[in-house]
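1. Return atomic coordinates for the entry below.
(2 chains)
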Amino acid sequence: MTAVAIQTGASLVAVLLVAWLVRKIGLGADPRIEDATHAIRLAEEAEAGFHGVEVARDRAGFAAIVQNAEGRMMLVRAHGNFFAARPVDASVIGRLDKDFLTLTMPEKTFGAVTLQLGKDAGMWASRMREIVRA
Amino acid sequence: MPELPDPVVYAVPAFILLLIAEMIVSLRRDRSRYEARDTLTSLLLGTGSQVAGAFVGAAVIGMSVWVYQFHLFDIGIEFSRWWWAWILCFFLDDLAYYAFHRSAHRVRWFWASHVIHHSSQHYNLSTALRQTWTGFFSLTFLFRLPLFLIGFPPAMVFFCAGLNLIYQFWIHTEAIKRMPRWFEAVMNTPSHHRVHHGVNPRYLDANYAGVFIIWDKMFGSFVAERDDEPVRYGIVKQLGSFNILWAAVHEWVGIAKDVWAAPWKHKLGYMWREPGWSHDGSRATSAMIRERWAAGRPVEEPAE
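-> Okay, the predicted model is just below:
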């Protein structure tokens, strides 16, 4: 048991050292959703068969909501150097605050995402309400 | 049981040096190949896997020794006399690994344990160390039991399994594009294994090999990497989180929720059917994703 404890302790030190080194030497990226086309591509990659037609893109490009012709929505957000997506359904809570729309996903580890959408924020909040009503 | 050293322990310093070398290469070629939180998650999952392995190791060895008492052939462990048995053992252990690995992608119970290894959206040497915490619980050790029944001593099998694991470390990289043609034809390589980690519909559920890619070619699961379609890594529903505990258990939680909510006659299906299966067809399996993707595409030329 002592050997396991020593081995685990040594591993933890090495792990922290390597992770620190990754940050220290400047590895990593700052991923942004460049435009509507990029957002649609990311949503389509996340779900085969999903074809986005409309996009609400966060001003800074950290996240976007993509809607298909049938009215289904997909939230795409930056995650590390890449992106992750989730469908926006009735279980997602939307909160409108002037130009900002915050989506809180039921999956706690995915978290809440705030998008700065300018004057379009209200329109997308209503679209979310339509999904809940449906 | 005769004792042999664990080759993986001796390989760890080389793992760390190669990891740092790959980081330096990434610094020059593509900084996005590494991300500090992703690397930390992968390495902590690897450390947790070692701890979990230490706790259940005695049970696995005990079961192996128990099964070995029913062995069919008497095979010794001394290399100078039984060298051919060592080679055969390594080869058959790799076949057993193929069977395990294929099942790990086709049966949700096994996938729940194996998914940890695929949960990073990166593909670098730290991803190789992102290993399961729940392998024992998901009964993955069953796949090696036939080797003991044949008569390969447990110490020999575990040593070969260690060598297999060491081999698989270096193929988790984007730093190597292609190996020589003869090598690509026989061995598992970074190119073949990139495909295995891909979520592009074309690449889903392919290349299960450990050391020899010939198993995939023999059993119809081989897909070649295409230069015109870069691999996107991870899982179909990307985790979107660096939470280590969630990475380790999220699929088990998913199984528990699904089994709880499913009608009685479908409960077992959420454990033994393929990942993505649902009794009402509301989700998509790899096969369904590939079909949807293929339906919207023209016929293409095969990969080079």
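
2. what sits against the residue of chain A found nearest chain B?
-> Using CB to the nearest CB, the single residue of chain A nearest to chain B is residue A:84, 3.3 Å away. Placement of C-beta: from N, CA and C, glycine included. The neighbourhood of residue A:84, defined by CB atoms under 8 Å, 6 or more residues apart in numbering or on different chains, consists of A:46, A:76, A:77, A:110, B:121, B:238, B:239, B:240.

3. how about a cut-off of 6 Å?
-> B:238, B:240 (CB atoms under 6 Å, 6 or more residues apart in numbering or on different chains).

4. who's it bridged to?
-> residue A:77 (DSSP bridges).

5. near chain A at all, stretch B:57-68?
-> No - judged by CB under 6 Å from any CB of the partner chain, stretch B:57-68 and chain A are separated, with a smallest distance of 9.6 Å.

6. average pLDDT across that stretch?
-> On average, the pLDDT along stretch B:57-68 is 93.

7. In it, which residues are buried?
-> Under the neighbour-count criterion of 16 or more other CB atoms under 10 Å in any protein chain shown, stretch B:57-68 has B:60, B:63, B:64, B:67, B:68 buried.

8. tell me the centre residue of chain A?
-> Closest residue to the average C-alpha location of chain A: residue A:77 at 2.2 Å, with CA atoms, centre = their mean.

9. actually chain B, sorry about that
-> Centre-most residue of chain B, counting by CA atoms, centre = their mean: residue B:101, 5.7 Å.

10. Tell me, how many residues neighbour the spatially closest residue to it that is not a sequence neighbour?
-> Excluding its sequence neighbours, the residue lying closest to residue B:101 (CB to CB, 6 or more residues apart in numbering or on different chains) is residue B:208, at 4.2 Å. For residue B:208, the tally of surrounding residues (other CB atoms under 10 Å in any protein chain shown) stands at 24.

11. for residue A:96, same thing?
-> Residue A:96 sits with 16 neighbouring residues when counted by other CB under 10 Å.

12. My read is that it contacts residue A:125, right?
-> Yes - checked against CB atoms under 6 Å, the pair residue A:96 and residue A:125 is within contact range at 4.1 Å.

13. Tell me how far residue B:44 lies from residue A:16.
-> Per CB to CB, to the nearest Å, residue B:44 is found 9 Å from residue A:16.

14. which one of the two has more residues nearby?
-> Applying other CB under 10 Å to residue B:44 and residue A:16 shows that residue B:44 carries more neighbours, namely 21 against 13.

15. can you tell me how far the more buried one sits from chain A?
-> Separation of residue B:44 from chain A (CB to the nearest CB, to the nearest Å): 6 Å.

16. what about residue A:31, helix or strand, and which?
-> Using DSSP states H and E, residue A:31 sits in no helix or strand.

17. list the contacts for it?
-> A:78, A:81.

18. so what's the backbone phi/psi at it?
-> Main-chain dihedrals, residue A:31, degrees, to the nearest 10: phi -70, psi 140.

19. And residue B:277, by the same measure?
-> According to degrees, to the nearest 10, residue B:277 has phi -70, psi 140.

20. repeat for residue A:87
-> In terms of degrees, to the nearest 10, the main-chain angles of residue A:87 are phi -70, psi 140.

21. On the pLDDT front, check it for me.
-> Reported pLDDT for residue A:87: 94.

22. Nearest residue to it in space, please, no chain neighbours.
-> residue A:74 (5.7 Å).

23. what are the phi and psi angles of that neighbour?
-> Torsion angles, degrees, to the nearest 10, at residue A:74: phi -130, psi 130.

24. What confidence value was assigned to the residue of chain A closest to chain B?
-> Here, the pLDDT recorded for residue A:84 equals 97.

25. same check, this time on residue B:14
-> pLDDT, residue B:14: 92.

26. Chain B against chain A: which residues are in contact?
-> Contact residues (CB under 6 Å from any CB) of chain B with chain A: B:26-27, B:31-32, B:34-36, B:38-40, B:43-44, B:47, B:51, B:54, B:121, B:201, B:238, B:240-241, B:243, B:246, B:289, B:292-293.

27. Quick check on the residues you listed: which are buried?
-> With burial judged by 16+ other CB under 10 Å, the buried subset of the residues of chain B next to chain A is B:26, B:31, B:34-36, B:38-40, B:43-44, B:47, B:121, B:201, B:238, B:240-241, B:246, B:289.

28. can you give me the strands for chain B?
-> Using DSSP state E, chain B contains no strands.

29. What sits closest to the residue in chain B positioned nearest to chain A if chain neighbours are left out?
-> Residue of chain B nearest chain A, by CB to the nearest CB: residue B:240 (3.3 Å). Leaving out its chain neighbours, the residue that sits closest to residue B:240 by CB to CB, 6+ apart is residue A:84, at 3.3 Å.

30. quick one: the one you found from residue A:73, how far?
-> Distance of residue A:84 to residue A:73, given as CB to CB: 15 Å.

31. With residue B:10 instead?
-> Per CB to CB, residue B:10 is found 52 Å from residue A:73.

32. cool, residue A:100 as well?
-> With CB to CB as the criterion, residue A:100 and residue A:73 are 17 Å apart.

33. what about those two, which has more around it?
-> Neighbours were counted for residue A:100 and for residue A:73 using other CB under 10 Å; residue A:73 has more, 24 against 15.

34. Just grab the bridge partners of that one for me.
-> Here residue A:73, judged by DSSP bridges, has bridge partners residue A:67, residue A:88.
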